[in-house]
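Q: Pasting the sequence and the predicted model now:
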Amino acid sequence: LRPRAIELVTCEIDVEMEDTKLIFHMSMKDITLEYLLSFDIEHGLTAPLKETTPWLHQILMSAMQTMCAVKENKHQNVEMYCTVIQLQIANIRSQNNLAFQIIHGLYLFSSGTSRKTIDLLVHCGLSPGYDALHTSHTIMADGQIRRAQLVARGPHMIGWDNIQVSTSTHVEQRTLAPPKVQSGTTAIIYPLRNATLEDLRLRPILDNRLKCDMITFSDNVRPTYMHMHHMTDHLIIDIIKILIDNHPGFNYLLNSPVLKHRSYCPPPLGYKTQEYVLRTTTTDESTTDGNIKVARNVYIDQLVSINQMENFQLAPGLFHAQLNLIWAILHIHRGSLEEIRGLQYYISLLDRVRLGAEHPDYHTLVSLATQVLVGHILLYWEIVSGMSLAALADRKSTAEELKVFASKIYHTYVSAHAVEDVSGQPDPEIQDRVLRNIILLNRDLLIFYKLDLAISSGDFGRVEIFLGTLTMMFAGARCKNYTTELLHFIQNLNKVWTSNFA
């Protein structure tokens, strides 16, 4: 009976694998962006396979784990392993069964996997060949440009920045070889939510630009009393957030409505901004002429859309504002190694490296700034509350009680009033210059921390109330370019752009 049983199972599995062609069949030309974005291995492949190949599925599941493991395994997703093995079998059976292999291969291709590794996985039935992936990648890129062209005919915004691609790690290269580092510019286009073409009419904006008044410091740059009140509320909540994020004993307050930031124009819950990456150009965007060339490449060569520079309404990139703000804070507060509580003191104390340059790595610098700010704030919590953080957590204080402590921390160690109290002593010898510098550092780092949270929230209103303060910080740090950019932006928001556009 054993040979007969093996023959019966073999025939049944052969029939099952023939039926799987309807699930797996796909060629390199069939791949689309819609399929790539909606791909789900669990619902798209695993579930249909269990229904179509019950015999093969049961055999593989039995081979992969013992009866004991079936009962006790709580972590491994054995179903996924089974699906991948069946996908390999299907690809070895027919080279046209590429429903999974194309997705897996494109992931390897996009993540920079070497050609030798991809060629190895081809022989394992887990990926198409490197040349086929390159062809598919070109097809996908063409499809992305077509989608971006449709977006460019409606309300949209665009941003671009420089990019550097390393082509070699070797010091010496042959004659006429490509450069080790290729510089260029990459642009991304975004459709605007809730905007209409009527909102983007250019003529009213140009008319306003011709007849509008200039902004003034007292009316448009200096924060209003209401903005100051809102900014203080935001910073006090951030002081509590630092406590909650850095001590598990306060997790009971994570969802407290009292500790939610004030909303102005938040995006819908779960909303994700759509983005369309365009082809990278080798044009350098660091000059005015370079920016014009990039704009022409994007809108004339790629998107086939507008061809007048007047159509562009400019605004500073918020990430670049963060980047230059943290550099400005480092420039102002670096000090010397002998100056206690200056940033250079902390760089040495925490044994941080690669922060000696004028413009060090952004993420390394943000890590230092966050560590310094968190250390200061947690210390102030213990000073103001008169107890350790563990004891404060055991008290299970209400959100309102913590706001009282946070308000005292803000007014004692962060606010402009705290600086005035320390600086207002008539006798210079009585003034605590170290404390004054620490308060100024706390203020600047907390504003940077606040800006990062506001940008991440997607609520531009939380950024807008800080625009005047940021402008003054850049001006104080002698960052002329970003001071000018923010003043230009405030001018547009208040005087030039129509209400529907702004």
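A: All right, it came through fine.

Q: contacts and neighbour counts: CA atoms only from here.
A: Fine.

Q: And the helices in the stretch 1-150 of the chain?
A: 2-19, 21-24, 33-38, 41, 47-52, 54-64, 67-72, 78-93, 101-110, 115-123, 130-152 (DSSP state H, counting those that start in this stretch).

Q: for the stretch 301-450 of the chain, same thing?
A: Using DSSP H, counting those that start in this stretch, helices in the stretch 301-450 of the chain cover 318-333, 343-349, 362-385, 389-394, 399-413, 416-423, 433-457.

Q: mean pLDDT for the helices of the stretch 1-150 of the chain: which is lowest?
A: The minimum mean pLDDT among the helices of the stretch 1-150 of the chain belongs to helix 67-72 (a mean of 75).

Q: How many neighbouring residues does residue 167 have?
A: By other Cα atoms under 10 Å, 11 other residues sit near residue 167.

Q: And for the nearest residue to it once chain neighbours are set aside, the neighbour number?
A: Leaving out its chain neighbours, the residue that sits closest to residue 167 by Cα to Cα, 6 or more residues apart in numbering is residue 180, at 5.1 Å. Residues lying near residue 180 (other Cα under 10 Å) number 16.

Q: for residue 151, what are its contacts?
A: 189-191 (Cα atoms under 8 Å, 6 or more residues apart in numbering).

Q: And residue 56, by the same measure?
A: Contacts of residue 56 (Cα under 8 Å, 6+ apart): 13, 16.

Q: at 7 Å instead, please
A: Contact analysis of residue 56 by Cα atoms under 7 Å, 6 or more residues apart in numbering lists residue 13.

Q: For residue 219, see how far away it is.
A: According to Cα to Cα, to the nearest Å, residue 56 stands 75 Å off from residue 219.

Q: Could you do residue 82 as well?
A: Distance, residue 82 to residue 219, by Cα to Cα: 67 Å.

Q: Could you do residue 465 as well?
A: Residue 465 is 13 Å from residue 219, by Cα to Cα.

Q: Have a look at these two and say which one is more surrounded.
A: For residue 465 versus residue 219, neighbours defined as other Cα under 10 Å are more numerous around residue 465 (17 against 9).

Q: Tell me which helix or strand the nearest residue to the more buried one once chain neighbours are set aside sits in.
A: Nearest residue to residue 465, sequence neighbours excluded (Cα to Cα, 6+ apart): residue 227, at 5.9 Å. Residue 227 is part of helix 225-245 when elements are defined by DSSP states H and E.

Q: Buried residues, that helix. List them.
A: For helix 225-245, burial by neighbour count (16 or more other Cα atoms under 10 Å) applies to 230-244.

Q: now that helix and helix 362-385, what's the angle there?
A: In terms of direction (axes from the mean of the first three to the mean of the last three Cα atoms, to 10 degrees), helix 225-245 departs from helix 362-385 by 90 degrees.

Q: how big is the angle separating helix 225-245 from helix 399-413?
A: Calculated by the same axes, to 10 degrees, helix 225-245 forms an angle of 110 degrees with helix 399-413.

Q: elements contacting whichever helix or strand comes after helix 225-245?
A: Going down the chain from helix 225-245, the next helix or strand is strand 276-277, by DSSP H and E. Under the contact criterion of 3 or more Cα pairs under 7 Å, 6 or more residues apart in numbering; DSSP states H and E, strand 276-277 touches strand 181-191.

Q: Check which residues of the strand it packs on are buried.
A: 183-191.

Q: likewise stretch 250-261?
A: Residues of stretch 250-261 classed as buried under the neighbour-count rule (16+ other Cα under 10 Å) are 250, 253, 259, 261.

Q: what mean pLDDT would you report for it?
A: Here stretch 250-261 scores 92 as its mean pLDDT.

Q: which residues are contacting it?
A: Outside stretch 250-261, the residues that reach it (Cα under 7 Å, 6+ apart) are 234, 237, 244, 393, 399.

Q: about what we covered before: redo the helices of the stretch 301-450 of the chain as a markdown table? Include mean pLDDT and mean neighbour count.
A: Supplementary listing: the helices of the stretch 301-450 of the chain in a markdown table, determined by pLDDT from 0 to 100; neighbours: other Cα atoms under 10 Å:
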| stretch | mean pLDDT | mean neighbour count |
| --- | --- | --- |
| helix 318-333 | 94 | 18 |
| helix 343-349 | 90 | 18 |
| helix 362-385 | 95 | 17 |
| helix 389-394 | 94 | 15 |
| helix 399-413 | 95 | 18 |
| helix 416-423 | 85 | 16 |
| helix 433-457 | 93 | 19 |
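
Q: Kindly present those helices as CSV, with separate columns for distance to residue 292.
A: Shown next, in CSV, are the helices of the stretch 301-450 of the chain (distance: least, Cα to Cα, whole Å):
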stretch, distance to residue 292
helix 318-333, 20
helix 343-349, 39
helix 362-385, 28
helix 389-394, 55
helix 399-413, 46
helix 416-423, 43
helix 433-457, 28
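
Q: Quick one: closest of these to residue 285.
A: Taking Cα to Cα, helix 318-333 is the member of the helices of the stretch 301-450 of the chain nearest to residue 285, at 14.3 Å.

Q: tell me the angle of that closest one relative to helix 433-457?
A: Interaxial angle of helix 318-333 relative to helix 433-457 (the same axes, to 10 degrees): 180 degrees.

Q: what's helix 318-333 in contact with?
A: Here helix 318-333 makes contact (Cα under 7 Å, 6+ apart) with 342-343, 359, 362, 441, 444, 477.

Q: Check stretch 111-118 too.
A: Residues outside stretch 111-118 that contact it (Cα under 7 Å, 6+ apart) are 127, 129-130.

Q: start to end distance for it?
A: Note: stretch 111-118 ends 11 Å apart using Cα to Cα.

Q: gap between it and the chain center?
A: Averaging C-alpha positions (Cα atoms, centre = their mean, to the nearest Å) puts stretch 111-118 26 Å from its chain's average.

Q: just stretch 187-203 next, same as before
A: 22 Å.

Q: For the remainder of this discussion, apply numbering that starts at 848.
A: All right, first residue 848 from here; so that's stretch 1034-1050.

Q: in that stretch, what's buried?
A: Within stretch 1034-1050, the residues scored as buried using 16+ other Cα under 10 Å are 1034-1038, 1047, 1049.

Q: Ok, stretch 939-948 next?
A: Neighbour-count burial for stretch 939-948 flags 939, 944-948 (criterion: 16+ other Cα under 10 Å).

Q: how close does the residue nearest to residue 1014 sit to residue 1013?
A: 6 Å.

Q: Next: residue 1119.
A: Residue 1119 sits 31 Å away from residue 1013, going by Cα to Cα.

Q: Now do the phi/psi pair for residue 1310.
A: Per-residue torsions, residue 1310: phi -80, psi -40 (degrees, to the nearest 10).

Q: oh sorry, the question was meant for residue 1187
A: phi -70, psi 140.

Q: So what's the residue count around it?
A: Counted with other Cα under 10 Å, residue 1187 comes out at 15.

Q: Take the contacts of stretch 958-965 and write them to TSV, including distance to residue 1157.
A: Formatted as TSV, these follow (distance: Cα to Cα, whole Å):
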residue	distance to residue 1157
974	48
976	47
977	44
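
Q: Among the residues you listed, which one sits closest to residue 954?
A: residue 974 (9.9 Å).

Q: Many thanks, have a good one.
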